[in-house]
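K.L.:
The following block contains a protein sequence and its predicted model.
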Amino acid sequence: MIERILLIILFLIGFYGIIAKKNIIKKIFALSILNSSVVILFILEGSKIGTNAPIMEEGVKNVVDPIPQALMLTAIVIGVCITALALAIAFRLYRYTHTFDIDEIHRKLHDEPF
Amino acid sequence: MKKKKYSIFFIFQIVLSLTAVLAVLLPVFFSRVSWPDLARNYLEYNGLKESGARNLVSSIYLGYRAFDTLGETIVLLVAVSGTISIISHSGLSLAKGFGEEKSKKQTYNSISGFNRTELLDVVTGKLGPIVLIFGLYLMLFGHLSPGGGFQGGVVVASGIVFMALGSKTDSSTWLQEAGVLAKIEATGFLFLILASLSGIPGGFGFFGNPLSGTEASPVIYIIILNTIIGLKVGAGIGFMCIAMLGKVE
């Protein structure tokens, strides 16, 4: 139970960062934290029914569920893609507005259309 | 010094969204339903026999759920091309500080323009080839040990980034050239499609294992797919990182 509480705290940290921080880079970090919390939750839940890694050497019994691990492999790759694209978009916004602050960007894009 | 004041609406917004998130998440995080072990039991007794791979995770993502992997590689391809096009359309490359004008020559040499230390030179330049070999090992032994195409590909990409960071002079190997990496990525995707179609003539369907009826071990198909995916992912992520370092016009 304690690990689930820690994970929900991690998730809420990421969520708070996304909605409350003004800096785009911090928002992207928060997105990454949120992604990690979901990944860790799946791995944790899949490991509840076994003890050994799912590598079937001779005599290995009682392995953990490999399906959440295969799913999270996908989720990690998608997370990397999202982070890279978000950083590229943040860079492009910086090139036009010379700031990372979201309010500042909003004001500049409305005041002086390029 | 005036204390920063938040408006009531902002606090209301935070409280409302946190309540909504908790209402959705708490049942997920605190459910008492035990994890089902049906799929685990099936894979534990039949996975090695059916796919030939000792690593059950790799037998899932290249055998039972290979469609998932195809979609994942497409997402990666789209993300890489999107990142490259966004960076290249925003004018300058990313290196050497943000937004400052620089000449053509500096753009090409931009990696050597960082504040370099001896530590960076020695560690990254010497470690690069070792990391590349480790990535190849992860790729080729993904069916036997922890590892696989995606993990090996990411390690290969970090090896490429190490070699790009560690090149003291402005000479660059072919591994750091954008055209070569882009070609490897595109060719890898082509081979992945061909490998996915290769089971159709034998009647095994899309992403069917063409070796499953023959004498040969079905694990060869998994090794081939692991290698293709590893090269593709390594080239794609390495390309993206080098573009962010400022090596691409």
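P.N.:
Cool, got the structure.
K.L.:
which intervals of chain B have sub-threshold pLDDT?
P.N.:
B:1-5, B:90-116, B:167-176, B:213, B:246-249 (pLDDT under 70).
K.L.:
Any idea how many residues pack against whichever residue of chain A sits closest to chain B?
P.N.:
As assessed by Cβ to the nearest Cβ, chain B sits closest to A:Cys81 within chain A, at 3.4 Å. All C-beta atoms are positioned from the backbone trio N, CA, C, and that covers glycine. Residues lying near A:Cys81 (other Cβ atoms under 10 Å in any protein chain shown) number 22.
K.L.:
how near is the closest residue in space to it that isn't next to it in sequence to A:Ile78?
P.N.:
Computed as Cβ to Cβ, 6 or more residues apart in numbering or on different chains, the closest residue to A:Cys81 that is not its neighbour in sequence is B:Ala79, at 3.4 Å. Counting by Cβ to Cβ, to the nearest Å, the gap from B:Ala79 to A:Ile78 is 8 Å.
K.L.:
Is any residue of stretch B:7-19 near chain A?
P.N.:
Yes. Residues of stretch B:7-19 contacting chain A under Cβ under 8 Å from any Cβ of the partner chain: B:13-14, B:17-18.
K.L.:
Which part of chain B gets nearest to chain A, residue-wise?
P.N.:
B:Ala79 (3.4 Å).
K.L.:
Tell me the secondary structure at that residue.
P.N.:
At B:Ala79 the chain is in helix, as set by DSSP: H, G, I helix; E, B strand; the rest coil.
K.L.:
Report the contact partners of it.
P.N.:
B:Ala79 makes contact with A:80-82, A:84-85, B:240, according to Cβ atoms under 8 Å, 6 or more residues apart in numbering or on different chains.
K.L.:
What distance do you get for the residue nearest to A:Cys81 to B:Ser17?
P.N.:
28 Å.
K.L.:
one step back: so which of the contacts of B:Ala79 is the most crowded?
P.N.:
Using other Cβ under 10 Å as the neighbour test, the contacts of B:Ala79 are led by B:Met240, with 29 neighbours.
K.L.:
hang on, the earlier thing: between all of the contacts of B:Ala79, which two are separated the most?
P.N.:
Of all pairs drawn from those, the greatest distance, 12.7 Å, lies between A:Ile82 and B:Met240 (Cβ to Cβ).
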